[in-house]
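Chemist: Give the three-dimensional model of this entry:
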Amino acid sequence: MTLARGSRAGGAEPTYKAMFVNYRRFAMRRSMRLIAVLLVVGAVGFGASAAFGTTGSSTAGSLSFSVTLPNSVTAGQYAVWNANISNGAQASALDALVSFTLTGPGVNKTTMPLPFHFAPGKSIARSGSFRVPVHAAAGDYTVTMNVNAGQAGSGQASATSTVG
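Modeler: Got it, this is the predicted structure:
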(Lines give C-alpha, C1' and ligand atoms only; values in the text may rest on other atoms or scores of the structure.)
Protein backbone atom coordinates (compact mmCIF):
# COMPACT_ATOMS: atom_id res chain seq x y z
CA MET A 1 0.00 0.00 0.00
CA THR A 2 1.38 3.40 -0.92
CA LEU A 3 0.42 6.39 1.16
CA ALA A 4 -0.10 9.79 -0.33
CA ARG A 5 2.39 12.36 0.82
CA GLY A 6 1.33 13.87 4.13
CA SER A 7 -1.32 11.22 4.89
CA ARG A 8 -1.42 9.18 8.06
CA ALA A 9 -2.59 5.60 7.70
CA GLY A 10 -5.07 4.68 10.38
CA GLY A 11 -3.96 7.43 12.72
CA ALA A 12 -5.33 10.72 13.92
CA GLU A 13 -4.05 14.01 12.67
CA PRO A 14 -1.20 15.43 14.75
CA THR A 15 -2.31 17.70 17.57
CA TYR A 16 -0.39 20.87 17.04
CA LYS A 17 -1.97 22.40 20.13
CA ALA A 18 -0.39 19.72 22.31
CA MET A 19 2.94 20.29 20.58
CA PHE A 20 2.66 24.03 21.27
CA VAL A 21 1.77 23.47 24.93
CA ASN A 22 4.71 21.09 25.36
CA TYR A 23 7.02 23.57 23.63
CA ARG A 24 5.84 26.38 25.93
CA ARG A 25 6.45 24.18 28.98
CA PHE A 26 9.90 23.33 27.68
CA ALA A 27 10.61 27.01 26.94
CA MET A 28 9.47 28.05 30.45
CA ARG A 29 11.65 25.39 32.09
CA ARG A 30 14.56 26.38 29.88
CA SER A 31 14.02 30.06 30.66
CA MET A 32 13.84 29.48 34.42
CA ARG A 33 17.06 27.45 34.16
CA LEU A 34 18.56 30.35 32.20
CA ILE A 35 17.67 32.73 35.04
CA ALA A 36 19.22 30.34 37.56
CA VAL A 37 22.36 29.97 35.43
CA LEU A 38 22.57 33.72 34.96
CA LEU A 39 22.36 34.21 38.69
CA VAL A 40 24.89 31.46 39.38
CA VAL A 41 27.40 32.32 36.66
CA GLY A 42 27.01 36.08 36.77
CA ALA A 43 26.09 36.52 40.38
CA VAL A 44 29.55 37.28 41.52
CA GLY A 45 28.19 39.67 44.05
CA PHE A 46 25.25 38.37 45.97
CA GLY A 47 25.03 37.59 49.63
CA ALA A 48 25.69 34.61 51.74
CA SER A 49 23.51 35.92 54.53
CA ALA A 50 20.24 34.06 55.01
CA ALA A 51 18.53 37.29 56.06
CA PHE A 52 17.18 39.46 53.27
CA GLY A 53 18.37 43.02 53.46
CA THR A 54 17.62 44.78 50.19
CA THR A 55 14.18 44.81 48.58
CA GLY A 56 13.14 46.72 45.50
CA SER A 57 9.48 46.99 44.53
CA SER A 58 7.36 48.61 41.84
CA THR A 59 4.06 48.35 39.97
CA ALA A 60 2.89 47.94 36.38
CA GLY A 61 -0.86 48.39 36.05
CA SER A 62 -2.49 46.11 38.63
CA LEU A 63 0.73 44.10 39.01
CA SER A 64 2.93 44.72 42.01
CA PHE A 65 6.32 43.08 42.18
CA SER A 66 9.49 42.90 44.22
CA VAL A 67 12.95 41.37 44.23
CA THR A 68 14.96 40.75 47.42
CA LEU A 69 18.64 40.06 48.12
CA PRO A 70 20.88 40.04 51.21
CA ASN A 71 22.74 43.30 52.01
CA SER A 72 26.16 41.69 51.79
CA VAL A 73 27.89 38.47 50.89
CA THR A 74 31.16 36.67 51.35
CA ALA A 75 32.65 35.10 48.24
CA GLY A 76 32.43 31.30 48.31
CA GLN A 77 29.20 31.25 50.35
CA TYR A 78 25.58 30.57 49.35
CA ALA A 79 23.19 33.40 48.58
CA VAL A 80 19.38 33.42 48.60
CA TRP A 81 17.18 35.55 46.34
CA ASN A 82 13.41 36.09 46.18
CA ALA A 83 11.10 37.50 43.49
CA ASN A 84 7.33 38.00 43.75
CA ILE A 85 4.69 39.30 41.33
CA SER A 86 1.02 39.77 42.29
CA ASN A 87 -2.06 40.77 40.30
CA GLY A 88 -4.05 43.08 42.59
CA ALA A 89 -7.04 43.20 40.23
CA GLN A 90 -9.98 41.08 41.42
CA ALA A 91 -11.78 40.97 38.08
CA SER A 92 -9.25 40.91 35.23
CA ALA A 93 -6.33 38.73 34.27
CA LEU A 94 -3.12 40.24 33.01
CA ASP A 95 -0.28 38.98 30.81
CA ALA A 96 3.25 40.27 31.26
CA LEU A 97 6.79 39.71 30.05
CA VAL A 98 9.33 39.38 32.86
CA SER A 99 13.12 39.55 32.54
CA PHE A 100 16.02 39.95 34.94
CA THR A 101 19.18 42.02 34.59
CA LEU A 102 22.35 41.51 36.62
CA THR A 103 24.86 44.37 36.76
CA GLY A 104 28.06 44.85 38.73
CA PRO A 105 31.83 45.10 38.30
CA GLY A 106 32.45 43.49 34.92
CA VAL A 107 28.92 42.02 34.70
CA ASN A 108 25.93 43.19 32.64
CA LYS A 109 23.59 40.34 31.67
CA THR A 110 19.89 40.21 30.87
CA THR A 111 17.65 37.16 30.51
CA MET A 112 15.20 36.71 27.66
CA PRO A 113 11.72 38.02 28.57
CA LEU A 114 9.49 35.24 29.93
CA PRO A 115 5.72 35.36 29.34
CA PHE A 116 3.51 34.95 32.42
CA HIS A 117 -0.27 34.96 32.86
CA PHE A 118 -1.59 36.41 36.11
CA ALA A 119 -5.14 35.43 37.03
CA PRO A 120 -7.12 37.96 39.11
CA GLY A 121 -5.81 38.15 42.68
CA LYS A 122 -3.06 35.58 42.09
CA SER A 123 0.69 35.75 42.75
CA ILE A 124 3.79 34.05 41.44
CA ALA A 125 6.83 33.75 43.70
CA ARG A 126 10.24 32.39 42.82
CA SER A 127 13.24 31.97 45.06
CA GLY A 128 16.49 30.13 45.03
CA SER A 129 20.03 29.96 46.27
CA PHE A 130 23.38 29.80 44.56
CA ARG A 131 27.04 29.73 45.45
CA VAL A 132 28.89 33.00 44.92
CA PRO A 133 32.19 32.33 43.13
CA VAL A 134 35.25 32.35 45.40
CA HIS A 135 37.02 34.87 43.16
CA ALA A 136 34.07 37.29 42.92
CA ALA A 137 35.18 40.90 42.41
CA ALA A 138 34.45 43.20 45.34
CA GLY A 139 31.70 45.77 44.80
CA ASP A 140 27.95 46.28 44.49
CA TYR A 141 25.84 43.97 42.32
CA THR A 142 22.26 44.72 41.36
CA VAL A 143 19.47 42.44 40.17
CA THR A 144 16.67 44.28 38.37
CA MET A 145 13.33 42.63 37.60
CA ASN A 146 11.77 44.17 34.48
CA VAL A 147 8.00 43.72 34.07
CA ASN A 148 6.21 44.76 30.88
CA ALA A 149 2.43 44.38 31.07
CA GLY A 150 1.74 45.97 27.68
CA GLN A 151 -0.90 48.69 27.77
CA ALA A 152 -1.27 48.22 31.54
CA GLY A 153 2.25 49.58 31.98
CA SER A 154 5.76 48.51 32.79
CA GLY A 155 8.18 48.92 35.65
CA GLN A 156 11.39 47.80 37.30
CA ALA A 157 12.34 46.69 40.79
CA SER A 158 15.99 46.47 41.85
CA ALA A 159 17.89 45.08 44.82
CA THR A 160 21.62 45.45 45.50
CA SER A 161 24.06 43.28 47.39
CA THR A 162 27.70 43.95 48.21
CA VAL A 163 30.68 41.61 48.00
CA GLY A 164 33.36 42.84 50.38
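Chemist: Only C-alpha atoms from now on, for both contacts and neighbour counts.
Modeler: Noted.
Chemist: got the residue ranges for the helices in the chain?
Modeler: Secondary structure of the chain, counting by DSSP state H: helices at 16-42.
Chemist: how about the strands in the chain?
Modeler: Assigned strands in the chain, in chain order: 54-60, 63-69, 72-73, 78-87, 94-104, 107-110, 114-118, 123-131, 139-148, 154-163 (criterion: DSSP state E).
Chemist: Could you dump those into JSON lines with mean pLDDT added?
Modeler: Converted to JSON lines, the strands of the chain look like this (pLDDT from 0 to 100):
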{"stretch": "strand 54-60", "mean pLDDT": "85"}
{"stretch": "strand 63-69", "mean pLDDT": "91"}
{"stretch": "strand 72-73", "mean pLDDT": "87"}
{"stretch": "strand 78-87", "mean pLDDT": "87"}
{"stretch": "strand 94-104", "mean pLDDT": "89"}
{"stretch": "strand 107-110", "mean pLDDT": "86"}
{"stretch": "strand 114-118", "mean pLDDT": "91"}
{"stretch": "strand 123-131", "mean pLDDT": "82"}
{"stretch": "strand 139-148", "mean pLDDT": "89"}
{"stretch": "strand 154-163", "mean pLDDT": "90"}
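Chemist: Same list (those) but as a markdown table, adding mean neighbour count.
Modeler: A markdown table is the format used below for the strands of the chain (neighbours: other C-alpha atoms under 10 Å):
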| stretch | mean neighbour count |
| --- | --- |
| strand 54-60 | 18 |
| strand 63-69 | 24 |
| strand 72-73 | 24 |
| strand 78-87 | 20 |
| strand 94-104 | 19 |
| strand 107-110 | 16 |
| strand 114-118 | 17 |
| strand 123-131 | 15 |
| strand 139-148 | 22 |
| strand 154-163 | 21 |
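Chemist: what residues does stretch 138-153 touch?
Modeler: Stretch 138-153 is contacted from outside by 43-46, 60-62, 66-67, 94-105, 154-164, using C-alpha atoms under 8 Å, 6 or more residues apart in numbering.
Chemist: let's see it at 7 Å
Modeler: With contact meaning C-alpha atoms under 7 Å, 6 or more residues apart in numbering, stretch 138-153 is reached by 45-46, 60-61, 67, 95-105, 154-164.
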